[in-house]
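1. Give me coordinates for this.
(one chain, ligands or ions: 1)
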Amino acid sequence: MSLLSIDQLSKDDITALFNHTQEIERGNFDREAARRKILIPLFFEPSTRTRLSFETAMLRLGGQILQVPNMTELAISKGESLQDTLRVISFFGDIIVMRHPTESAVYLADEYAAVPVINGGNGCDEHPTQTLLDLYTIQKEKGRIDRLNIALVGDLKHARTMHSLIKGLSYYDVTVFLISPEELRPPKGLFDTLRQRGVSYFETPNLQEVIREIDVIYIIMLQHHRIPDQQVAERLRQRYYRITPELLRMAKPDVTILHPLVRREEVSLEVDLLPNAAYFRQAQNGVFVRMALLCRILNGSLHSNIMD
Ligand code: CP
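-> Numbering: from 1, shown residues only. Got it, this is the predicted structure:
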């Protein structure tokens, strides 16, 4: 089974995946679980964490990685369709991880590929595996996900990590604080999701107004590359959020700071020195979560009993 959207997983699926991830993190896993299996990384946009953590995860499970050339060296650059590329390439491996700037591309890939496709980020739409590692990190850092006040800060309009995370958090008994300027508010459909699932949420452009109540601050960089007018992007950048030690003095002492990275100016380097800064631990968790995910997709147990 492919994983294209976080909506494909139930809360029980996520709990089972996290139980599995915890065992992997403790070293209790089959180092040959992916023996003779080949992962195909198809990245049409840059990536450090997603691509390399999937590759590491596959190698740690005894699997192999297809050495996909730079996209400009694939026949797609001389006019081959994505459909034909996927049809052919999927004969060369057992699972595809794909990132593409177009939202529909991963769905097209899933239609034409002969093997499961994992969405490694599709345009502004979703980044479901990032959400899995984000939720796992919240659980690990705070001991729970329920009954937390979670602030999502910044470009909630363009950031696919935020879109998947809003959906993922909506399975839990949390209060979501949506903090963005008017121009960068989340798409309407995500408000519908929050309302339909009965999640309490609060919206404001002002982080300082609510920071005292927050348990987890999840901030993202301004997605300037997705804003067509660079003058608009620059104006937004100048009044964008910035997490600093001074600001954190107003917060709960144990507030957790998360960021999917790439970090630019929105978290000052001094914050890295604080125990609250969990964003590098978050990136490290990505390997364990993706190991569990690969195991479960490759052996067909993504939708599993919570007790396994
Ligand atoms: N968080 C994340 O998706 O990072 P990369 O763009 O480096 O994969």
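2. Residue numbers of the stretch 201-308 of the chain in contact with the ligand?
-> 260, 261 (C-beta under 6 Å from any ligand atom). All C-beta spots, glycine's among them, are computed from the backbone N, C-alpha and C.
3. now the helices for the stretch 201-308 of the chain?
-> Per DSSP state H, counting those that start in this stretch, the stretch 201-308 of the chain carries helices over the ranges 207-210, 230-238, 245-248, 279-298.
4. Then the stretch 1-150 of the chain?
-> 11-25, 49-60, 82-89, 105-112, 128-142.
5. for the ones you listed, which one ends up most surrounded?
-> Stretch with highest mean neighbour count among the helices of the stretch 1-150 of the chain: helix 128-142 (a mean of 24; mean count of other C-beta atoms under 10 Å).
6. Dump it to PDB, restricted to CA.
-> Extracted C-alpha coordinates of helix 128-142, given in PDB (Å, rounded to 0.1, in the frame of the first residue of the first chain):
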ATOM      1  CA  PRO A 128       2.900  12.800   5.600                       C
ATOM      2  CA  THR A 129       6.100  11.100   6.700                       C
ATOM      3  CA  GLN A 130       7.300  14.400   8.200                       C
ATOM      4  CA  THR A 131       4.100  14.500  10.200                       C
ATOM      5  CA  LEU A 132       4.700  10.900  11.500                       C
ATOM      6  CA  LEU A 133       8.100  11.900  12.800                       C
ATOM      7  CA  ASP A 134       6.800  15.200  14.200                       C
ATOM      8  CA  LEU A 135       4.100  13.400  16.200                       C
ATOM      9  CA  TYR A 136       6.500  10.800  17.300                       C
ATOM     10  CA  THR A 137       8.900  13.500  18.500                       C
ATOM     11  CA  ILE A 138       6.100  15.300  20.400                       C
ATOM     12  CA  GLN A 139       5.200  12.000  22.100                       C
ATOM     13  CA  LYS A 140       8.800  11.400  23.000                       C
ATOM     14  CA  GLU A 141       9.600  14.900  24.200                       C
ATOM     15  CA  LYS A 142       6.400  15.400  26.100                       C
END
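7. Report the mean per-residue pLDDT for it.
-> Helix 128-142 shows a mean pLDDT of 98.
8. again, but for stretch 186-194
-> Stretch 186-194 comes out with an average pLDDT of 97.
9. Could you tell me which residues within that stretch count as buried?
-> Using 16 or more other C-beta atoms under 10 Å as the test for burial, stretch 186-194 gives 186, 190, 193, 194.
10. wait, doesn't the last one sit right on residue 170?
-> Looking back up the chat, that one is residue 194. Yes. Under the criterion of C-beta atoms under 8 Å, residue 194 makes contact with residue 170 at 5.7 Å.
11. So for these two, which residues contact both of them?
-> residue 176 (C-beta atoms under 8 Å, 6 or more residues apart in numbering).
12. From the chain's centroid, how far away is stretch 63-82?
-> With C-alpha atoms, centre = their mean, to the nearest Å as the basis, stretch 63-82 stands 24 Å off its chain's centre.
13. how long is that stretch end to end?
-> Length of stretch 63-82, first residue to last, C-alpha to C-alpha, to the nearest Å: 26 Å.
14. wait, what's in contact with the residue of the stretch 51-200 of the chain found nearest the ligand?
-> When distances are taken as C-beta to the nearest ligand atom, the stretch 51-200 of the chain reaches nearest to the ligand at residue 130, 5.3 Å away. For residue 130, the contact set (C-beta under 8 Å, 6+ apart) comprises 50, 121, 160, 161, 164, 165, 260, 286.
15. try 6 Å
-> With contacts taken as C-beta atoms under 6 Å, 6 or more residues apart in numbering, residue 130 has the following neighbours: 161, 260.
16. Please renumber the chain so that the first residue is 428 from this point on.
-> Taking 428 as the first residue, the last one we looked at is residue 557.
17. roughly how far apart are it and residue 678?
-> From residue 557 across to residue 678, the span is 24 Å (C-beta to C-beta, to the nearest Å).
18. Bridge partners for residue 469, pull those for me.
-> Beta-bridge partners for residue 469, by DSSP bridges, are residue 525.
19. Thought residue 525 was touching it, still the case?
-> Yes. Counting by C-beta atoms under 6 Å, residue 525 is a contact partner of residue 469 at 4.4 Å.
20. ok now stretch 567-580, how far from the chain's centre?
-> The answer for stretch 567-580 is 16 Å, by C-alpha atoms, centre = their mean.
21. right, I mislabeled it, should have said stretch 557-569
-> 10 Å.
22. which residue lies farthest from the center of this protein?
-> For the chain, the residue at maximal distance from the C-alpha centroid (C-alpha atoms, centre = their mean) is residue 505, at 31.5 Å.
23. Got the confidence number for that residue?
-> pLDDT, read off for residue 505, is 92.
24. What distance do you get for the residue in the stretch 578-727 of the chain that the ligand sits nearest to to residue 477?
-> Going by C-beta to the nearest ligand atom, the ligand is nearest to residue 687 of the stretch 578-727 of the chain, at 3.8 Å. In this view, residue 687 and residue 477 are 9 Å apart by C-beta to C-beta.
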